[in-house]
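Trainee: let's see this in three dimensions:
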Amino acid sequence: MNEKKLLAASAHSRKAWELLTAHVEEGDFTETGRRILGVLSDYYKRDPGAKAADREIFDGLVLQSITIEKHKETFKLALEKLWQVDVSPLNVASLVLSAKRDAVLARLSAASVAQDSPETILPLMEEYTALCKADALEDGPKGPEVFRGLTLREIYGTDGKEELIQVLPVTLNARLGGGLLRGNHLIVAARPEMGKTAFLVNMCFGFLKQKLKVVYFINEEGPRHIQPRMISRLVQKDAAECRKDIDAIDAEAKAKGLDNFVVVDLQPGTLTEIEAIVEEEKPDVIILDQLRNIMVKREDNFTRQLEKVAIGVRQIGRRHNCVVISATQAGGSAEGKAVLDMGDIDSSNTGIPAQADVLLGIGADKDDQAANRRVISLIKNKRSGNHEFFPVRLIPQLNKYMGLGD
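Mentor: Residues are numbered from 1 along each chain as shown. Purely as a prediction, here's the structure:
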């Protein structure tokens, strides 16, 4: 970390100081640097209107803070060198970025040497990768977009209609007001073995029929498990039938859009890795199966971690103008229950739902399971405001969901 340049830029520019204190920890500085930064911070806090530090006043304040006389010469020399540094405050973001990158790399190296757990190392790897990719220091998009006088014609186009991506089953699509908008986040919650993956595969079938590109991120089942299920749904034949003539089945699946179905095995994956793939593939739809396995920086509780993941994937969808569909678990309260509600979302009754434009639960009681029925509950629906629950039929051999009357 170039401590002198960072301190010099901060002394010359309040904005540079604000960036520095927001993104670099005091522990990353030497003892001398910490003392100078502390006095500089006090200086700017006392005078909110100060755009830069006055050299004479600032030097006096630093030396006044030194109680041991022999140390004053050390600080005088440090201050003299600080004011001699030729640095543009406008480039401080790059300096801070470099310092932050060095600090994260140091922590990552220490964690690797100590053989810390993957839960500790993976978030540091994610943070370091993101910093290496960054051109400027920022926590998200490059600032808010401002829309002045935006008209309905500009929003809906010449035909006055929203550009919607339709979803399956058809009975769900109708209850969403005709589909999803790009940037929407739909979250599917269900108990294990309730048919979440089949539901996602069925949705993918609908997207491929619309000639859309889908990237399916998976961190539970491997690609050799999900791909046959997608092929089975495309050709509408069960696994046994598909194996009778593999070449013919492959050709039929490709004709029906298989090449637009991209599977990414995350193991378990980070938000940085996901966004890198999205940038490369430019999909219309991304599927995340499942949210809870994606690694982020460890928080004090799992609920907060899940919320951070949900926030992150929603932002990716908005930045890249694609629909995001995520799967998560329903908790034990949903076991044997047909109609689910927000309280049934495992470990995150508020954080995950808050990041969904549409949150739906898949439930079933014993009778439903025996009859291969599932109940879809529209727990949250910002698309149309419809919060019904309704039954659908599952054909597990084909990974197919359909309305009872279809």
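
Trainee: what's Tyr43 in contact with, if anything?
Mentor: Taking C-beta atoms under 8 Å, 6 or more residues apart in numbering, we find Tyr43 in contact with 50, 53, 57-58, 61. (Each C-beta comes from the backbone N, C-alpha and C, glycine too.)

Trainee: Throw those residues into TSV and include pLDDT, thanks.
Mentor: Formatted as TSV, the contacts of Tyr43 follow (pLDDT from 0 to 100):
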residue	pLDDT
Ala50	89
Ala53	92
Ile57	94
Phe58	93
Leu61	94
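
Trainee: now the residues you listed: which count as buried?
Mentor: With neighbours counted using 16 or more other C-beta atoms under 10 Å, these contain these buried positions: 53, 58, 61.

Trainee: can you add secondary structure and distance to Gln369 and give the residues you listed back as JSON lines?
Mentor: Below are those laid out as JSON lines (DSSP: H, G, I helix; E, B strand; the rest coil; distance: C-beta to C-beta, whole Å):
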{"residue": "Ala53", "secondary structure": "coil", "distance to Gln369": "70"}
{"residue": "Phe58", "secondary structure": "helix", "distance to Gln369": "72"}
{"residue": "Leu61", "secondary structure": "helix", "distance to Gln369": "73"}
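
Trainee: from those, pick the one nearest Asn321.
Mentor: Top of the list for closeness to Asn321, among the buried ones among the contacts of Tyr43 and by C-beta to C-beta, is Ala53 at 43.7 Å.

Trainee: the closest one: what's its closest spatial neighbour, skipping adjacent residues?
Mentor: Counting by C-beta to C-beta, 6 or more residues apart in numbering, Ala53 lies nearest to Ala11, which is 4.6 Å off, once chain neighbours are set aside.

Trainee: can you give me the pLDDT of that neighbour?
Mentor: Predicted confidence (pLDDT) at Ala11: the value is 89.

Trainee: and it, helix, strand or coil?
Mentor: Here Ala11 takes the helix state, with states given by DSSP: H, G, I helix; E, B strand; the rest coil.

Trainee: now do the contacts for it.
Mentor: Ala11 makes contact with 17, 40, 52-53, 55, 58, 82-83 under the criterion C-beta under 8 Å, 6+ apart.

Trainee: ok, 7 Å please
Mentor: Contacts here follow C-beta atoms under 7 Å, 6 or more residues apart in numbering; on that basis Ala11 touches 40, 52-53, 58, 82.

Trainee: tell me the one of the contacts of Tyr43 nearest Arg148?
Mentor: Within those, proximity to Arg148 (C-beta to C-beta) peaks at Ala50, which comes in at 33.5 Å.

Trainee: picking up where we left off before, need the contacts of Ala11 in CSV with distance to Val264, can you?
Mentor: Shown next, in CSV, are the contacts of Ala11 (distance: C-beta to C-beta, whole Å):
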residue, distance to Val264
Leu40, 46
Ala52, 48
Ala53, 49
Phe58, 52
Leu82, 48
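
Trainee: pull the most distant pair out of these.
Mentor: Distances among those were taken as C-beta to C-beta; the most separated pair is Ala52 and Leu82, at 13.1 Å.

Trainee: tell me which of these two has more neighbours.
Mentor: Set side by side, Ala52 and Leu82 show unequal neighbour counts under other C-beta atoms under 10 Å, the larger going to Leu82 at 24 against 17.

Trainee: now do the nearest residue to that one once chain neighbours are set aside: how many residues are near it, please.
Mentor: Nearest residue to Leu82 in three dimensions, chain neighbours excluded: Ala8, at 5.2 Å (C-beta to C-beta, 6+ apart). When neighbours are defined as other C-beta under 10 Å, Ala8 has 22 of them.

Trainee: which strands or helices does the longest strand belonging to the chain pack on?
Mentor: Longest strand in the chain by number of residues, with DSSP state E as the criterion: strand 373-381. Under the contact definition 3 or more C-beta pairs under 7 Å, 6 or more residues apart in numbering; DSSP states H and E, strand 373-381 sits against strand 358-363, strand 389-395.

Trainee: mind listing what's buried along the last one?
Mentor: I take that to be strand 389-395. Counting neighbours by 16+ other C-beta under 10 Å, one finds that the buried residues in strand 389-395 are 389-390, 392-394.

Trainee: the nearest residue in space to Leu359 that is not next to it in sequence: what's it in contact with?
Mentor: Of all residues beyond its chain neighbours, the one nearest Leu359 is Lys380 (3.9 Å), with distances taken as C-beta to C-beta, 6+ apart. Taking C-beta under 7 Å, 6+ apart as the contact definition, Lys380 lies against 353, 356, 358-359.

Trainee: separation between Lys380 and Thr32?
Mentor: Taken as C-beta to C-beta, to the nearest Å, the spacing of Lys380 relative to Thr32 amounts to 54 Å.

Trainee: all helices of the stretch 101-250 of the chain, in order?
Mentor: 118-133, 152-156, 170-175, 196-209, 223-235, 239-242, 246-255 (DSSP state H, counting those that start in this stretch).

Trainee: what's around Gly183, how many residues?
Mentor: Gly183 has 16 neighbours, counted by other C-beta under 10 Å.
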